[in-house]
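Asker: only geometry, no sequence info:
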């Protein structure tokens, strides 16, 4: 596959889904209007696209009405031919699809299930042929909160009929053509994270225990000679220095292990099983955490090293395979990806550097055929809902479809990776989205600070499906996503600096981000609000009780009002030592009478991660104290986005938007 052929193919063909989705985006009016809440709330028209190993078929999840989804399969030999469609039943949603063999699919479905007074979403795995005529359901447990549901452990590319599945009873070699299965492994409550080697044999698993009263995880590897399970290394929950096997090599005595032990950033090491010894790093990036090992899934060279991933501004690939490296570079040029240089100071070392970050959108290889003649390419970014392309070895690049063909991106904002200095000198990464300058001018702008959840999580430079950045940027707001201390994925120093600093230094980082934007004349000093969800909801509650005068209002989604209650939920097992000791600081419920700004809270009734009572108790306390508060309970809504119903994103956006415009501080934000 030659890059020059790829570059000649910059003029892509019409979308094969144009008829299905009404021909894409309508002609734009002279005065563009911001995307509506419904535009964000609709289920993607096309998602989860992949190609079969033999390159003959493409599958994806399709939703023409933005609510109901089904699986569609196209033949690459004739993309103009109508696809075969497979539904998931009246009570189930089609969530995801993947090829398990050339002519067999694995489809993940979702259903709202009730057992007594408990309700939750249950996910199942269905295997089917390409016309949906032969289906097998591997559901695992259907009881709410019980055990692990069935999952695919290994596709077994070298085996034309079988895959390995794992459920709460064991590992099974499943014939995806006739449904017969043979047990190859027995699960237990003590072992987890089973992994197969390149021969499809379960060779790794983890367990846990206590040593001198300290909780640890132990990595077991099955000896390739004696076939016995042997412990190889441990890591203690309290130390937070994880060791995880991330891949096997062709040598049964050498595996890849990712670890951050004694390091600020994770690296991937080679580990000698026979010698029980860590060897040199196979991959490391000085500024960011290493991610995964990327290996060939083709039967002809299964397991061959293709590259590694790491977590920079987004999830990035570093290709060691020359063909893929050249292809990736050519795709960026063909699809018009532009980059900008970012100046950076490592929060751990103070080392200064510069690196390139894609602007607006980037491209990636989603899947490819075994012979490399066909590949699925995805273009997506902060200003670009996902687009899917088919690439051939002839250099032809054809637009298959857009995830949101109805979307007018004219008024979307620009998102940049930035850094600012906290009051104690620690460098804080952040993503800043600013409005379209041609429409809203150069600022200062009304500004929303949007802390991520977790807090042991992070944001990425990508499309925000919840709309919490671009919905508001398109309406003239600047949006700051601070990667405050306590955020994971930016190195150990930034992560650990948040220990026992809830509502204190963690909150200072958010406030210092506001002060930075004010100094840069990006944020209007008297028009700043905070909107967060989960931990971000806690941060919004904390912002409402801190007397700094920076915020005109706070909007808290599914937030934690009582740290004591949250710690109770982490009072056993590994979390008791891993995270529980780090949770301390300001408890918003204890300071309800100190709230000095209006507060809006919303919460899903089916939330089992942060129970709705957390918001309700804070609301009651504010009402007793005579504080301005508004509360919205969202029916049939869980905590994670996978447990949100179609339309609920729009419901949240409309509610937050209306509140900011009319009830946030004097006269609205």
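Answerer: Done, it's in. No experiment lies behind these values; they were computed from the predicted model shown. Residues are numbered from 1 along each chain as shown.

Asker: how close does the nearest residue to residue 607 once chain neighbours are set aside sit to residue 608?
Answerer: Closest residue to residue 607 apart from its sequence neighbours, by Cβ to Cβ, 6 or more residues apart in numbering: residue 639 at 4.5 Å. Every residue, glycine included, has its C-beta placed from N, CA and C. To residue 608, residue 639 is 7 Å away according to Cβ to Cβ, to the nearest Å.

Asker: Show me what the closest residue in space to residue 210 that isn't next to it in sequence is bridged to.
Answerer: Leaving aside its chain neighbours, residue 210 sits nearest to residue 216 (7.2 Å; criterion: Cβ to Cβ, 6+ apart). Beta-bridge pairing of residue 216 under DSSP bridges involves residue 209, residue 236.

Asker: pretty sure residue 216 is touching residue 231, no?
Answerer: No - at 10.5 Å, residue 216 and residue 231 do not qualify as touching, with contact defined as Cβ atoms under 8 Å.

Asker: Looking at these two, which is more packed in?
Answerer: Set side by side, residue 216 and residue 231 give different neighbour counts by other Cβ atoms under 10 Å, the larger being at residue 216 (18 against 13).

Asker: pLDDT wise, what is the more buried one at?
Answerer: pLDDT recorded at residue 216 is 95.

Asker: shaky segments in the stretch 451-600 of the chain?
Answerer: By pLDDT under 70, the stretch 451-600 of the chain contains no weakly predicted segment.

Asker: ok so, going back, which of residue 639 and residue 608 has more neighbours?
Answerer: Taking neighbours as other Cβ under 10 Å, residue 639 and residue 608 compare with residue 639 leading, 21 against 16.

Asker: what sits against the more buried one?
Answerer: 534, 558, 604, 607-610 (Cβ atoms under 8 Å, 6 or more residues apart in numbering).

Asker: Please tell me which one of these counts the most neighbours.
Answerer: Most surrounded of the contacts of residue 639: other Cβ under 10 Å gives residue 558, at 28 neighbours.

Asker: need the contact list for that one.
Answerer: 533-534, 537, 602-604, 607, 609-610, 614-615, 639.

Asker: Please flag which of these sit within strands.
Answerer: Within the contacts of residue 558, residues falling in strands by DSSP state E are 533, 602-604.

Asker: Save those as a markdown table, and put in distance to residue 32 too.
Answerer: A markdown table is the format used below for the ones in strands among the contacts of residue 558 (distance: Cβ to Cβ, whole Å):
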| residue | distance to residue 32 |
| --- | --- |
| 533 | 28 |
| 602 | 29 |
| 603 | 34 |
| 604 | 33 |
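
Asker: Just the buried subset of those residues, please.
Answerer: Among the ones in strands among the contacts of residue 558, those classed as buried by 16 or more other Cβ atoms under 10 Å are 533, 602-604.

Asker: Looking at per-residue confidence, what score does the residue lying farthest from the centre of the chain get?
Answerer: Most distant from the centre of the chain: residue 226, at 39.8 Å, with distances by Cα atoms, centre = their mean. Per-residue pLDDT puts residue 226 at 94.

Asker: How about residue 165?
Answerer: Confidence for residue 165, expressed as pLDDT, is 94.

Asker: And residue 619, which helix or strand is it part of?
Answerer: According to DSSP states H and E, residue 619 maps onto helix 613-624.

Asker: For the stretch 201-350 of the chain, which segments count as helices?
Answerer: In the stretch 201-350 of the chain, the helices defined using DSSP state H, counting those that start in this stretch lie at 322-334.

Asker: in it, which spans are strands?
Answerer: Taking DSSP state E, counting those that start in this stretch, the strands of the stretch 201-350 of the chain run over residues 202-211, 214-222, 229-236, 243-248, 254-259, 267-272, 277-283, 289-295, 305-311, 315-319, 338-345.

Asker: Redo those as a markdown table? Include distance to residue 529.
Answerer: A markdown table is the format used below for the strands of the stretch 201-350 of the chain (distance: least, Cβ to Cβ, whole Å):
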| stretch | distance to residue 529 |
| --- | --- |
| strand 202-211 | 43 |
| strand 214-222 | 40 |
| strand 229-236 | 41 |
| strand 243-248 | 39 |
| strand 254-259 | 39 |
| strand 267-272 | 40 |
| strand 277-283 | 41 |
| strand 289-295 | 32 |
| strand 305-311 | 29 |
| strand 315-319 | 30 |
| strand 338-345 | 27 |
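
Asker: Select, out of the ones you listed, the one closest to residue 46.
Answerer: Of all the strands of the stretch 201-350 of the chain, strand 315-319 sits nearest to residue 46, with 20.9 Å by Cβ to Cβ.

Asker: give the contact list for residue 134.
Answerer: residue 128.

Asker: give me that answer again for 10 Å
Answerer: For residue 134, the contact set (Cβ atoms under 10 Å, 6 or more residues apart in numbering) comprises 104, 127-128, 176-179.

Asker: how about those residues in CSV, adding neighbour count, distance to residue 384 and pLDDT?
Answerer: Below are the contacts of residue 134 laid out as CSV (neighbours: other Cβ atoms under 10 Å; distance: Cβ to Cβ, whole Å; pLDDT from 0 to 100):
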residue, neighbour count, distance to residue 384, pLDDT
104, 18, 32, 96
127, 23, 33, 93
128, 21, 32, 94
176, 26, 35, 93
177, 16, 40, 93
178, 10, 43, 91
179, 13, 41, 90
